[in-house]
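1. here are the coordinates; sequence isn't available:
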C-alpha cells in the first residue's frame, strides 16, 4: 500500500521529514510529512496566489493506493454507526428512508449532496485491519474519506464550505495521521494522538446515573420525578447501589428552544434542582441548545438568530416533535449571548450535569452572520460558550454530536443511537432507537473511551415490564461494565425487582479495567479486559438472531490474562458469556455454573 500526495510525481517521500509544494491554478498546497515508526503525519498549508479572494471548497489531501477491504467507516455524529464493510456500502435503504430529502440527510452528513449521489463518506477517519488514516482535529474544516473498492483507493478530503481566503493569505489545514499496524493498536493510538493534539481533558463520571427518558419519555412530570428520587435514595441506602446522578430529560420545558421556562407539569428550575440535590444526588438536565422549534418564543421573536437557506429564510434543519426545527446561528453575537445566559440560568438554578442533544444542528451548512466562519468554526464557538457558561466543575454530555469537533468541550459522549425498551434488531441501521444498535456502537467505538471523553452507551433498562429478554438486559449491562463506560439507568424505579438490582451490582463490579474489543464479524465480538478494579475479564457477545460459535482470539487472551481451558465458545442469540478472574490472583480455582437456558459459565476465583 502506498500513501500518495495529489499531483505529486512520487507516491511517497523518501526521508523522515520532507516538504513539497504543488501549485494548482490560483492555489498552492505545501505538504510536509513527518515519519516515525509506523506513523506518518501529513501537514498541509493552502495559499492564495491570485489577486482575488477565493472561496475554499473540498480538497483532496492524500490518497492510499492498493487498498483491500474490509474497511471500517465512521459517521460524523454520535447517533450513527462506526462499522465494518466488506465493500463500498449500498445506500439504497438509506435513500428510501430519506427520499432524497436534504432535511433528513443533514442528520447523517454535513455534506448531504454526497449521500444524494449514493456515496457514503467515512468522516474524520477510516480504518482497515492493518492501517488507519484520520484527521487529528476538526475545528475549521470537515475531514472525510471516500473509498473506491473497484479502484482499490481511499482518498482523504477536507471541506471548507466556501470559507474565503484573501490574496496572499495562508491557511494551515488540520493535520492527518497515517498508521500502519494491527487494527486495535491503530485505533487506540489514533484516539491518543487526537487527545494529545487537542489537549483534551474531561471531568470524571462516578457511580450510576438515573435518566427519566426511557420509561417516561415526554410524559414525565414532577410528581413522578420526586417518586423516583425517593426510591433511588432508598435503593442507595438499603442496597448500597452507588447512585450519584438524577437527570431530568425531555418533557419539562415550555418548548424546544425555551429551556429556561418550564411547562405546567413542573415548578421552577430551581425547585427541580433542589428536589434532586436535597436527596444527595447531582442534578442533571437535558436540552437541545442549538435547536428551536417554529412555535418557540425564541424563534418567534428572533428568526434572524438562525442559520438561513439560500433565499435568506431560516433553514429547516430537521423535523421532530411534529415540528420544523431550526439551527441557532452560533456566529450571531446576540444568539451566543442568549446561549450563555441560558446555561448560566440552569447552572445558577443548581444543575451541574448537562445532557446537550441534537448538537449537529449547530454545524449544518447555510448562511450565517459571519460568513468568514465555516460551520465547524461556528459549532466550536457555540460549544466553547457552553463550556465557559457552566464552568469546569460541571459535567457536559454530548449527544447527536459531531464527534471530532466536540473534543475538548464535552466530558462524556453518547456514542451510538438511542436505546429502546425493545431489542429492535431488524430496523435499518441508520440511527433509529434500538437496544441492539445502541450497544453495538460502544463496542466498535470502544477506543474513544477515556482518551477523548467518557463513552456513554446510553442507559441500561432493567425493569421487569420492559420488552427485553433477561439475556438482552444482561448483555447490555455486562457490556457497559466491561467497556468501563458511563453507567446509567432509565426505569420507573417502582418496577425494579431483585433480579435488576443483582445485575446492576454485578455490572458495577466489572468496571474500571482497560478493554480491548475484537470484532469477529458484524454480529459477534470479544471484549478482553485487563486491570479491572476487581476482575480481568473476557466477554463473548452475540448480537445476532441465531446461535453462534466463536473462537476467542489469542490476542484477547494475552491482553486480559484470563486463562481458559476451552476457547471455542457457543453462545445464544442476543447474549453474552462472561469469564472473569480476580485481577490480582495468581492461583485460581474454577467453578462451573449454569444459566437457566443451559449455558455453562466458568468462574475463576482465588484458591
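-> Yes, it's here. Bear in mind that the values here come from a model prediction, so they are computed numbers and not experimental data.

2. use CA for all of it now, contacts and neighbours both
-> OK.

3. from the centroid of this protein, which residue is nearest?
-> Centroid check for the chain by CA atoms, centre = their mean gives residue 415 as the closest residue, at 2.8 Å.

4. go ahead and confirm that one touches residue 453.
-> No - counting by CA atoms under 8 Å, residue 415 does not reach residue 453; the two are 10.2 Å apart.

5. after the helix or strand in which residue 327 is found comes which helix or strand?
-> Using DSSP states H and E, residue 327 sits in strand 323-327. Where DSSP H and E defines the elements, the next helix or strand beyond strand 323-327 is helix 333-349.

6. buried stuff in that next one?
-> Residues of helix 333-349 classed as buried by neighbour count (16 or more other CA atoms under 10 Å): 335, 336, 339, 340, 341, 342, 343, 344, 345, 346, 347, 349.

7. okay, now residue 197: neighbour count?
-> When neighbours are defined as other CA atoms under 10 Å, residue 197 has 12 of them.

8. was I right about it contacting residue 138?
-> No - when contacts are counted by CA under 8 Å, residue 197 is not listed as touching residue 138 (10.9 Å).

9. low pLDDT regions in the stretch 1-150 of the chain?
-> By pLDDT under 70, the low-scoring segments of the stretch 1-150 of the chain are 1, 7-18, 92-103.

10. pretty sure residue 194 contacts residue 136?
-> Yes - under the criterion of CA under 8 Å, residue 194 makes contact with residue 136 at 4.8 Å.

11. between the two, which one's more packed in?
-> A count of neighbours by other CA under 10 Å puts residue 136 above the other of residue 194 and residue 136, at 24 against 21.

12. wait, isn't the more buried one in contact with residue 178?
-> No - at 10.3 Å, residue 136 does not count as touching residue 178 under the criterion of CA under 8 Å.

13. give me the common contacts of the two.
-> Shared contacts of residue 136 and residue 178 (CA atoms under 8 Å, 6 or more residues apart in numbering): none.

14. quick check: end-to-end length of stretch 63-80?
-> With CA to CA, to the nearest Å applied, stretch 63-80 spans 25 Å between its terminal residues.

15. buried sites along that stretch?
-> Of the residues in stretch 63-80, 63-65, 67-69, 71-80 count as buried by neighbour count, 16+ other CA under 10 Å.

16. tell me the two of those that are most distant?
-> The largest separation in these, counting by CA to CA, is between 65 and 79 at 30.8 Å.

17. all helices in this protein, in order from the N-terminus.
-> 92-98, 102-108, 112-116, 183-197, 213-216, 222-239, 269-277, 297-301, 333-349, 375-390, 435-444, 470-482, 498-510, 554-560 (DSSP state H).

18. could you export those as a markdown table, including distance to residue 314?
-> Output for the helices of the chain, formatted as a markdown table (distance: least, CA to CA, whole Å):
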| stretch | distance to residue 314 |
| --- | --- |
| helix 92-98 | 21 |
| helix 102-108 | 13 |
| helix 112-116 | 18 |
| helix 183-197 | 35 |
| helix 213-216 | 30 |
| helix 222-239 | 34 |
| helix 269-277 | 30 |
| helix 297-301 | 9 |
| helix 333-349 | 14 |
| helix 375-390 | 15 |
| helix 435-444 | 32 |
| helix 470-482 | 40 |
| helix 498-510 | 46 |
| helix 554-560 | 52 |
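
19. what residues sit buried inside stretch 152-171?
-> Buried residues in stretch 152-171, counted by 16+ other CA under 10 Å: 153-167, 170.

20. mean confidence score for that stretch?
-> In this model, stretch 152-171 carries a mean pLDDT of 97.

21. run through who's touching that stretch.
-> Contact with stretch 152-171 is made by 45-68, 140-148, 365, 371-375, as judged by CA under 8 Å, 6+ apart.

22. wait, isn't residue 424 in contact with residue 436?
-> Yes - the criterion here is CA under 8 Å, and residue 424 meets it with residue 436 at 6.6 Å.
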